[in-house]
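Visitor: Show me the folded form of this:
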Amino acid sequence: MMKKSNIGTRVFLSVVLAAALLGAMPGYADTRDADLVKQGADALKHHQYDTAIARFSDAIRLVPEDAEAWSERGEAYADKGDSDRALADCAQAVKLAPSSSEVYRRCGNVYFIAEDFQRAIPNYDTAIKRDPGNAYAFADRGSAYGHLNQTDRAIADYDRALTLDPSLSSTYASRGNAWLRKGDFDRAWDDFNRAVEADPKNAYAYVSRGYAAASRYAYDDAIADYDQAIRVDPTYKDAYRYRDLALERKSDSRWGYIYLVLFGVGMLALLFAAFWTYSSPTAFSHGVERHFKRIPDGRLVFYPRMKGAGYVVPDTEKEQALRLFARRSWAAALAYGVLGPVLMSVLVLPSMAALTWLQPRIGISTAGAIFIASVGCVSVVLAGGLMAFSRWRRAAVRGLVEAAEQGEPPPSDQWNNDFVLDIPVAVRWIVFAVILFVSFQSLKGLWRMRHDLSVARLESMSWFGWVCIAGYLFTLWYCGKLLIYAARQRGRRTGRAQKPA
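Guide: Coordinates of the predicted model:
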């Protein structure tokens, strides 16, 4: 009996031990799987995408049904730019865990990284439906709405996320950026400070606060925040880029007073030239004379625009009136060169306010709104000026007989020569200084965009950037022509002075 009892005890202990070992194996696998997923998540956080993918792949080989590993690897593939693999992993994760809120949230992130925000939002919606307490899903959906310029919806989602979890540092920063887009700097600044307080190691929070400081010209504060972001995360490329931009803007700000003085003096010089032209009977004599031409039959013809249709001058009295009109039109053009930009600046303010209100409704970016407002105001002012000059011109020639001969415009060098001969010497030097300044600014603008012209960023360059480059190149070309003309005229005058009588 005793022997049988010992045999039974041994069998029982063997079964128990085998069961314990078999039960321990899955636990060991789960623990190792969780460690690999954690390592992958840490690598993903530090933008080490290949390492993250390798860790998640190891976790999937260990536990193929781990939906979290599949979804996180999909996010890593998306960050690396491999959209096909990212979407395939996302589909597998949903298949394995169709009721998981986190899986749908990460699938939304895959579309978000690919900038397909319209398809990201339904995934976030499903994540929230699966778990209404998922603060990250609300925060991510808010970011998607923000990229679609639906700022109010974005702020509502950020509010909900922070109500659920007040420790979300990046969500404070994202909400701060949303307030900044709406023009509420005080709320934005408060959120940026909360973001830093919630997580002093959040590089995104420092970059966001630095951007806000730079927008208020507090470049020293902005640079300090960018430096801190780089210390926290040395791989954060935007921190380096924004810091370089802040350093450049800080350097530019030292020139600010010089720019203002130069443009102020230039405007005053043009106004002085306009007043002098309007009041002096002999002002712009060369330019005025170009409007008149004596044809072979002895008649005098007036050409309002120096080219195109001309009108026969019937008598001396009308000739004097037309000469007065030509001179005063030159004066008006000079005055318009000052008042036009002032009027454009006045119109831009209400235009930008209207477009800011319309931005979320018509889906345009801030750069697009600035471009539309600027071009619209320039078009309105130029069109208004052209219409006014056209009506004034028609009134001046009303009742005159149109001549058969068409007028021909003088060569461009002749235009420049007339302007130099007719304008006061002091104004010439001021115009020369302004041309040099504009040329310098255009060169500096092109130098700054040298990184954007590299092959790696040609495709990612915004249309606004291309417009800026085209504007810089055109300005350099035109100012270069004027400077070459000035140098040639200087050489001719020196040659004439040295030539023996």
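Visitor: quick check: longest helix of the chain.
Guide: For the chain, the helix with the greatest residue count under DSSP state H is helix 316-362.
Visitor: Does anything pack onto that helix? Which helices or strands?
Guide: Helix 316-362 is packed against helix 151-164, helix 256-279, helix 285-289, strand 292-294, strand 300-302, helix 366-396, with contacts defined by 3 or more CB pairs under 8 Å, 6 or more residues apart in numbering; DSSP states H and E. C-betas here are computed from N, CA, C, even on glycine.
Visitor: Name the spans of the stretch 1-150 of the chain whose pLDDT lies under the cut-off.
Guide: 1-31, 33, 46-47 (pLDDT under 70).
Visitor: Please give me every residue in contact with residue 111.
Guide: Applying CB atoms under 8 Å, 6 or more residues apart in numbering to residue 111 gives the contacts 117, 119, 120, 123.
Visitor: same thing but at 7 Å, please
Guide: Counting by CB atoms under 7 Å, 6 or more residues apart in numbering, residue 111 touches 119, 120, 123.
Visitor: Where does it sit: helix, strand or coil?
Guide: For residue 111, the assignment made with DSSP: H, G, I helix; E, B strand; the rest coil gives helix.
Visitor: Distance check, it against residue 85.
Guide: Counting by CB to CB, to the nearest Å, the gap from residue 111 to residue 85 is 14 Å.
Visitor: same thing with residue 144?
Guide: Distance, residue 144 to residue 85, by CB to CB: 22 Å.
Visitor: So for these two, which residue has more residues nearby?
Guide: residue 144 (25 against 15; other CB atoms under 10 Å).
Visitor: quick one, phi psi at that one?
Guide: Backbone torsions of residue 144, given as degrees, to the nearest 10, read phi -60, psi -40.
Visitor: Residue 114: what's it in contact with?
Guide: Residue 114 touches 78, 83, counting by CB under 7 Å, 6+ apart.
Visitor: Apply 10 Å and report the result again.
Guide: By CB atoms under 10 Å, 6 or more residues apart in numbering, residue 114 lies in contact with 78, 81, 83, 86, 87, 120.
Visitor: Can you convert those into TSV and add a column each for secondary structure and distance to residue 231?
Guide: Formatted as TSV, the contacts of residue 114 follow (DSSP: H, G, I helix; E, B strand; the rest coil; distance: CB to CB, whole Å):
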residue	secondary structure	distance to residue 231
78	helix	28
81	coil	28
83	helix	33
86	helix	31
87	helix	36
120	helix	32
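Visitor: Out of those residues, which two sit at the greatest distance?
Guide: The two members of those with the most space between them (CB to CB) are 81 and 120, at 16.5 Å.
Visitor: Quick check on these two: which one has the bigger neighbour count.
Guide: Each of residue 81 and residue 120 has its neighbours counted (other CB under 10 Å); residue 120 has more, 26 against 10.
Visitor: Now that the more buried one has come up, it's in contact with residue 137, right?
Guide: No: the pair residue 120 / residue 137 is not scored as a contact, 11.0 Å apart, by CB atoms under 10 Å.
Visitor: which residues are common contacts for those two?
Guide: In contact with both residue 120 and residue 137: 105, 108, using CB under 10 Å, 6+ apart.
Visitor: Could you double-check that residue 323 sits in contact with residue 330?
Guide: No: Residue 323 lies out of contact with residue 330 (CB under 10 Å); the separation is 11.1 Å.
Visitor: Need the overlap of contacts for the two.
Guide: 288, 291.
Visitor: Those two - which one has more neighbours?
Guide: Set residue 323 next to residue 330 and count neighbours by other CB under 10 Å: residue 330 wins out with 22 against 18.
Visitor: ok, the spatially closest residue to the more buried one that is not a sequence neighbour - contacts?
Guide: Spatial nearest neighbour of residue 330, chain neighbours left out: residue 284 (4.7 Å); criterion: CB to CB, 6 or more residues apart in numbering. If you count contacts by CB under 10 Å, 6+ apart, residue 284 has them with 273, 276-277, 290, 326-331, 334, 418-419, 421-423.
Visitor: In the sheet, which residues pair with the closest residue to residue 303 other than its chain neighbours? Tell me.
Guide: Setting aside the residues directly before and after it, residue 303 is nearest to residue 407 in space (CB to CB, 6+ apart), at 3.6 Å. Counting by DSSP bridges, residue 407 is bridged to residue 308.
Visitor: Quickly note the distance from residue 147 to residue 355.
Guide: Counting by CB to CB - residue 147 and residue 355 are separated by 18 Å.
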